[in-house]
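>>> sequence first, predicted coordinates after that:
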Amino acid sequence: MKRYRVIVSPFAADNIRQALYGRGTPWRIFFTVDGDTVQVLHVRHGNRDYWLP
């Protein structure tokens with residue numbers, strides 16, 4: 001089973017969430033949840049700067 005964590009992103013006012021996926025320097029997956037639908041907005045490696053929507 002893969003390891004991931006969902007945390008509140010700095011963009012919480014926009015209802016954008018961030019999942020950290022992987023070990024060491026994890027990938028950041030920015031997404032929104034609307035009912036039963038999850039929309040992935042952006043995927044970034046952990047060494048890169050934060051994404052600004």
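Nice, thanks for sending it over.
>>> isn't Val33 right next to Ile16, touching?
No. In this structure, Val33 is not within contact of Ile16 by CB atoms under 8 Å, at 9.8 Å. (C-beta placed from N, C-alpha, C; glycine too.)
>>> name the residue in the two with the higher neighbour count.
Neighbour count, other CB atoms under 10 Å: between Val33 and Ile16, Ile16 has more, with 19 against 12.
>>> show me where pLDDT drops low in the chain?
Applying pLDDT under 70 to the chain picks out residues 1-13, 49-53.
>>> now with 80?
1-15, 22-25, 46-53 (pLDDT under 80).
>>> just the strands from it, written as ranges.
Using DSSP state E, the strands of the chain run over residues 4-8, 17-21, 27-34, 37-45.
>>> comparing those, which comes out most buried?
Stretch with highest mean neighbour count among these: strand 17-21 (a mean of 17; mean count of other CB atoms under 10 Å).
>>> from the contact counts, what lies against that strand?
strand 4-8, strand 27-34 (3 or more CB pairs under 8 Å, 6 or more residues apart in numbering; DSSP states H and E).
>>> ok, what's across the strand from Ile29?
On the basis of DSSP bridges, Ile29 is bridged to Ala19, Val43.
>>> ok, it - contacts?
By CB atoms under 8 Å, 6 or more residues apart in numbering, Ile29 lies in contact with 18-21, 40, 42-43.
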